[in-house]
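**Student:** Give me coordinates for this.
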Amino acid sequence: MTDLELATHAAHEAGKLLRKHFGNDAVVDEASHHDIKLALDKESQDLITNILLGARQGDALYGEEGIAGNQNSDRHWIVDPIDGTVNYYYGIPHFCVSVALRVADEITVGVIHDPMVGETWTVEKGGPAMLNGRPIKASNRETLAESILFVGCGKDNDTMKTGIERFHRASLRARKMRMMGSAALGMAYIACGRLDAYIESRISLWDIAAGQLLVETAGGKVELTPNADHSDTYGIVASNGKIPLGEIL
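**Tutor:** This next block holds a predicted model:
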């Protein structure tokens with residue numbers, strides 16, 4: 001099994017778990033003002049970990065729910081076991097599983113799986129970006145007036161203030177705005193032309209690793225700005241590479 005096939009298998013198995021429990025009462029492990037952690041987050045990551053490291057025993061895994069494996073390896077699986085946990089908890093069927101492989105600091109494999117819609121985006125370095133096995137590409141839209149933008153507002157006062165200001169500026173120029181609750185799906189939607197840009201001032205690596213390779217391979221552009229105060233978090237501007245975003249940023 002290739003790395004891409006393995007990542008796809010792991011994402012699909014986690015997706016089956018999430019779909020099985022969707023709509024049932026979920027156990028909340030941790031809750032803050034703007035976020036929720038479920039016991040199912042950990043269960044999903046444990047399932048993915050067992051599949052990936054069971055097949056690649058020398059690898060490392062870095063996920064939202066912790067690390068596993070040989071952290072000295074130059075092969076790191078980057079995992080978000082439920083991207084869109086709050087959506088999941090509230091019964092909103094917009095969430096996904098995201099799995100990426102980073103080899104020597106370069107993302108080489110990306111998989112984003114939406115178990116409710118039955119869509120799987122896959123990409124391998126040097127190959128095409130795919131949706132359910134068919135090649136995809138970012139949109140050709142060139143103006144904000146014809147574009148749909150996804151702006152995230154973060155979880156603390158600073159990121160929310162920045163996000164809301166950007167949302168306001170963008171809403172005056174774009175055709176439509178969206179705030180969807182899953183960064184990984186937002187990037188997958190850019191890769192296949194449904195959305196034209198995604199902007200957020202602080203997002204974690206596991207949310208965007210697979211999506212970055214997808215968007216760039218599909219002809220889009222991703223700019224990441226490391227956040228000095230928070231390890232493995234970034235400001236992100238992802239787009240089809242054609243629309244002008246300077247007035248929004």
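**Student:** use CA for all of it now, contacts and neighbours both
**Tutor:** Noted.
**Student:** if I look at the residue nearest to the spatial centre of the chain, how far off is Gly154?
**Tutor:** The centre of the chain sits closest to Ala184, judged by C-alpha atoms, centre = their mean, with a distance of 2.0 Å. Computed as C-alpha to C-alpha, to the nearest Å, the Ala184 to Gly154 distance reads 14 Å.
**Student:** Which helix runs longest in this structure?
**Tutor:** helix 3-21 (DSSP state H).
**Student:** That one packs against which elements?
**Tutor:** In terms of contacts (3 or more C-alpha pairs under 8 Å, 6 or more residues apart in numbering; DSSP states H and E), helix 3-21 is packed against helix 39-55, strand 96-103, strand 106-114, strand 119-124.
**Student:** mind listing what Thr49 touches?
**Tutor:** 61, 68 (C-alpha atoms under 8 Å, 6 or more residues apart in numbering).
**Student:** pLDDT score for it?
**Tutor:** Here, the pLDDT recorded for Thr49 equals 98.
**Student:** And it, how far from Ala39?
**Tutor:** Thr49 sits 15 Å away from Ala39, going by C-alpha to C-alpha.
**Student:** ok, His76 - how many residues close by?
**Tutor:** By other C-alpha atoms under 10 Å, 26 other residues sit near His76.
**Student:** Centre of the chain to the helix or strand that contains it, how far?
**Tutor:** Element membership for His76, per DSSP states H and E: strand 75-83. Relative to its chain's centre, strand 75-83 lies at 9 Å (C-alpha atoms, centre = their mean, to the nearest Å).
**Student:** same deal with stretch 162-174?
**Tutor:** Counting by C-alpha atoms, centre = their mean, stretch 162-174 comes out at 21 Å from the chain centroid.
**Student:** Could I get the helices and strands packed on helix 3-21 in JSON lines, plus columns for distance to Gly66?
**Tutor:** Below are the helices and strands packed on helix 3-21 laid out as JSON lines (distance: least, C-alpha to C-alpha, whole Å):
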{"stretch": "helix 39-55", "distance to Gly66": "9"}
{"stretch": "strand 96-103", "distance to Gly66": "14"}
{"stretch": "strand 106-114", "distance to Gly66": "19"}
{"stretch": "strand 119-124", "distance to Gly66": "24"}
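**Student:** Cheers, nothing more for now.
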